[in-house]
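Peer 1: Next come a sequence and a model predicted from it.
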Amino acid sequence: MSLNSIFQYFVPKDKKVFFPLFEQAAANVVAMSTVLVEAVNSLDANAREEMFKQIDKLENKGDELTHQIYLELGKNFITPFDREDIHSLATAIDDVADYIQGSANRMSLYAIEEYTEPIRKLSELILQGSVELEKAVRELKDLKNVRNIADSCIRINSIENQADYVFDRAVADLFLYEKDALRLIKYKEILAALETATDMSEDAANVMESILVKNA
Amino acid sequence: MSLNSIFQYFVPKDKKVFFPLFEQAAANVVAMSTVLVEAVNSLDANAREEMFKQIDKLENKGDELTHQIYLELGKNFITPFDREDIHSLATAIDDVADYIQGSANRMSLYAIEEYTEPIRKLSELILQGSVELEKAVRELKDLKNVRNIADSCIRINSIENQADYVFDRAVADLFLYEKDALRLIKYKEILAALETATDMSEDAANVMESILVKNA
Amino acid sequence: MSLNSIFQYFVPKDKKVFFPLFEQAAANVVAMSTVLVEAVNSLDANAREEMFKQIDKLENKGDELTHQIYLELGKNFITPFDREDIHSLATAIDDVADYIQGSANRMSLYAIEEYTEPIRKLSELILQGSVELEKAVRELKDLKNVRNIADSCIRINSIENQADYVFDRAVADLFLYEKDALRLIKYKEILAALETATDMSEDAANVMESILVKNA
């Protein structure tokens, strides 16, 4: 129990500032994942490159939102949660965005031609995780539906487990069937970046779980 | 100094709930490491596969223990340490288990035939680290033997340094002597997963050191 | 707002102990980066090996400083910031040192012959980040120039972004032009270790930002 928890019974929380920013940051991650899924399923290489550029732009927007949250943290005396949790959650959501952009960036830079089943499946899992992340973030403003947040966090964990499994299986298959070492390394790097995006969602879920724990 | 530290002089700590769970989780990691060492030293491929399956089962058991700790955190108002430290320690122990299982999983998936000296040495170091982890966790319930906990943490750090050294040396040797790039990548991945398991023990040690620091 | 923040108005802070240790640790990282830049620009292989050994020695010195900070944390009741932030910052600075030494170690172990442009550029970025890190650490003792600390943190973030870009571009070029898979893997590993050193500076900057946020 922190002083913060005592204070929160006496002072109006500054919800009007932080929650809309978090909701925008989470919605932005959903937008990025949606474009990612579209890109890896596209058969048109030029259209795909355009989508990768769009992901870059969205990532810049996400950076600005993160920065605004940090700025508000410096200004606001009373925060709805511990300041460090607000900082950690903003950082974790930013990390998800970074790895989505990093994955897209690698696919573009490495001039990947074949968008394989595991690449499509991992992108789909990133989208599912982002949707759960956004749902959970929306519930943070009133902790009335703690159960819903906890459920989303559990689903994010399960999605990360599935991504682990897809990644491990895909890499094992590369070792079995891909005889060109350079291609193997390329694909392994891309799969790893995609899988790490789901790890970052799990980090965000862990921060939210720890917010729930402190405010239980 | 947190409010928690003041409160702990007035309220009975809920030791009966958390410490047995932590001790079971740490003992489970020791069990997993013991099977891992046995597996990488086994000459019988079928027996080895059985051991890898046993590691999977133990990892599931570990997941349940971690989940129970999280659930108790949600229920218990007074915790023996800061709630976030309990959460972090549970997560760190779970991470050690994850990487042991991940290493075993890769060895099985990549159909490794030769269990080399560095693989055996890293597995042995994982076991040593897990034993120190369990010792330290057992001392957490009464902070009477702070020295013992600190010593175990120092040993875990030293084990991690040794693992780093074995890993670096082994990868350098792969570059010198392994001419098959695919085999080289496979072995490097497995060595990296094993080495990361010792990093995760170090994370757990860091959490315990930070618990000592706060409760000094 | 923590109890610590209330206490700090009443009790003299133990600045005399922690700040000189942090300043020495940060200065040590600058010394390591300076030798690193010199080594990767040297044309004399023997001189380079001597510099790598010097980096090893400096890293040992850094370990001792980190350990001293931990010891002081155990002794001092009143700390200038939250104990966990002091612990995290010491760990983050130590991590920068570890990755600089790890990069040097790999270059030596893998018997790299050609010190490429991206290797030199990343080393230069590590040095720039270390210089900003030291500047920010020196300002921590009186939080009078909060703006300066925040600016250094922003520059560290921007340096990390540049390092990301150099790394991504360099790896893409390896895939395009390096036909020897073993050489490609070697260089990719070294570039990754260098790039991670800048990630660790970013972690240190994040801890400092979170200290600013708490003490705003």
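Peer 2: Looks like it came in fine.

Peer 1: quick one: average pLDDT of stretch A:184-203?
Peer 2: What stretch A:184-203 shows for mean pLDDT is 95.

Peer 1: So what's the gap between that stretch and the chain middle?
Peer 2: Taking CA atoms, centre = their mean, to the nearest Å, one finds stretch A:184-203 lying 12 Å from the centre of the chain it belongs to.

Peer 1: Name the nearest residue to A:Asn206, sequence neighbours excluded.
Peer 2: By the measure of CB to CB, 6 or more residues apart in numbering or on different chains, the closest residue to A:Asn206 outside its immediate chain neighbours is B:Thr91, 6.7 Å from it. Bear in mind the C-beta positions are built from the backbone N, C-alpha and C, glycine included.

Peer 1: so which helix or strand takes in the one you found?
Peer 2: If you go by DSSP states H and E, B:Thr91 is part of helix B:83-109.

Peer 1: tilt between that helix and helix C:83-109?
Peer 2: If you take axes from the mean of the first three to the mean of the last three CA atoms, to 10 degrees, helix B:83-109 sits at 30 degrees to helix C:83-109.

Peer 1: Against which helices or strands is helix B:83-109 packed?
Peer 2: The criterion is 3 or more CB pairs under 8 Å, 6 or more residues apart in numbering or on different chains; DSSP states H and E, and the helices and strands that helix B:83-109 contacts are helix A:146-177, helix A:181-214, helix B:15-41, helix B:45-75, helix B:117-139, helix B:181-214.

Peer 1: which bits of chain A sit near chain B?
Peer 2: By CB under 8 Å from any CB of the partner chain, the residues of chain A that approach chain B are A:1-3, A:150, A:164, A:168-169, A:171-172, A:175-176, A:179, A:181, A:184-185, A:188, A:206, A:209-210, A:212-214, A:216.

Peer 1: on that earlier part again, the residue nearest to A:Asn206 against A:Ala205, yeah?
Peer 2: No - if you go by CB atoms under 8 Å, B:Thr91 and A:Ala205 don't touch, sitting 11.3 Å apart.

Peer 1: Just give me the residue closest to the centre of chain A.
Peer 2: A:Val96 (3.1 Å; CA atoms, centre = their mean).

Peer 1: list the contacts for that one?
Peer 2: The contact partners of A:Val96, taken as CB atoms under 8 Å, 6 or more residues apart in numbering or on different chains, are A:29, A:129-130, A:133, A:197, A:200-201, A:204.

Peer 1: If you count surrounding residues, which of B:Thr91 and A:Ala205 has more?
Peer 2: A:Ala205 (25 against 20; other CB atoms under 10 Å in any protein chain shown).

Peer 1: is it true that the more buried one touches A:Ala150?
Peer 2: No - the criterion here is CB under 8 Å, and A:Ala205 misses it with A:Ala150 at 9.6 Å.

Peer 1: Tell me where the model's unsure across chain A.
Peer 2: Scanning chain A for pLDDT under 70 picks out the ranges A:1-15, A:76-77, A:216.

Peer 1: possible to save the contacts of A:Val96 as JSON lines with neighbour count?
Peer 2: Shown next, in JSON lines, are these (neighbours: other CB atoms under 10 Å in any protein chain shown):
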{"residue": "A:Val29", "neighbour count": "31"}
{"residue": "A:Gly129", "neighbour count": "31"}
{"residue": "A:Ser130", "neighbour count": "30"}
{"residue": "A:Leu133", "neighbour count": "30"}
{"residue": "A:Ala197", "neighbour count": "29"}
{"residue": "A:Met200", "neighbour count": "24"}
{"residue": "A:Ser201", "neighbour count": "29"}
{"residue": "A:Ala204", "neighbour count": "28"}
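
Peer 1: nearest to chain B, of the residues you listed?
Peer 2: The closest of the contacts of A:Val96 to chain B turns out to be A:Ala204 (CB to the nearest CB; 13.7 Å).

Peer 1: Setting aside sequence neighbours, what's the nearest residue to A:Ala27?
Peer 2: Here the residue nearest A:Ala27, using CB to CB, 6+ apart, is A:Glu134, at 5.9 Å.

Peer 1: Spit out the contact partners of the one you found.
Peer 2: A:Glu134 neighbours (CB under 8 Å, 6+ apart): A:23, A:26-27, A:29-30.

Peer 1: Mind doing that once more with 6 Å?
Peer 2: Contacts for A:Glu134 (CB atoms under 6 Å, 6 or more residues apart in numbering or on different chains) come out as A:26-27, A:30.

Peer 1: Kindly report the residues of chain A close to chain C.
Peer 2: Residues of chain A lying close to chain C by CB under 6 Å from any CB of the partner chain are A:3, A:73-74, A:83-84, A:87, A:109-110, A:181-182, A:186.

Peer 1: Using neighbour counts, trim the residues you listed to the buried set.
Peer 2: The neighbour count (16 or more other CB atoms under 10 Å in any protein chain shown) marks A:3, A:73, A:83-84, A:87, A:109-110, A:181-182, A:186 as buried among the residues of chain A next to chain C.

Peer 1: how many other residues sit next to A:Ala92?
Peer 2: A:Ala92 is flanked by 19 other residues according to other CB under 10 Å.

Peer 1: same check, this time on A:Gln68
Peer 2: Look at A:Gln68: counted by other CB under 10 Å, it has 16 neighbours.

Peer 1: Ok, A:Ala26 next?
Peer 2: 27.

Peer 1: repeat for A:Phe19
Peer 2: Applying other CB under 10 Å, I find that A:Phe19 has 17 neighbouring residues.

Peer 1: Just to check, it is in contact with A:Lys141?
Peer 2: Yes - the pair formed by A:Phe19 and A:Lys141 meets the contact definition of CB atoms under 6 Å, at 4.3 Å.
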